[in-house]
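1. What follows is a predicted structure for the sequence shown.
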Amino acid sequence: MAKTQLNVRVDEATAETARERALERGVSVNRYIEELVERDAGEVGHTFVEAAADFMRSYESVFAEEFPEPVHRESEGRPRT
């Protein structure tokens with residue numbers, strides 16, 4: 001994947017913490033920041049999926065009334081799975 005340079009400004013305490021945490025993990029500061037962003041993005045995705053599941057549970061009966069499940073016929077000669 002192509003890399004893009006991103007410049008950010010943080011206070012010295014934050015920069016030092018990032019350096020220390022990266023060193024503890026044995027990765028570069030760049031990789032440490034990448035991992036933080038990836039983890040944060042994953043949490044957002046997970047939160048979205050949980051919210052969608054809660055929505056579906058809350059409104060399941062409404063959807064069931066509005067969109068009844070179609071009846072599926074088994075194809076002849078095809079084993080059931």
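-> The structure has been received and is ready for your questions. Numbers count the residues shown, from 1 in each chain.

2. which SSE is the residue nearest to Ser28 when sequence neighbours are not counted in?
-> Of all residues not flanking Ser28 in the chain, Ala22 sits nearest, at 6.1 Å (Cβ to Cβ, 6 or more residues apart in numbering). Any C-beta I mention is one placed from the backbone N, CA and C, and that applies to glycine too. According to DSSP states H and E, Ala22 maps onto helix 12-25.

3. Show me what the next helix-or-strand element following that helix is packed against.
-> Where DSSP H and E defines the elements, the next helix or strand beyond helix 12-25 is helix 29-66. Helices and strands touching helix 29-66, by 3 or more Cβ pairs under 8 Å, 6 or more residues apart in numbering; DSSP states H and E, are helix 12-25.

4. and the gap between Asp54 and Glu66?
-> 19 Å (Cβ to Cβ, to the nearest Å).

5. got the buried residues for the helix holding Ala22?
-> Ala18, Ala22 (16 or more other Cβ atoms under 10 Å).
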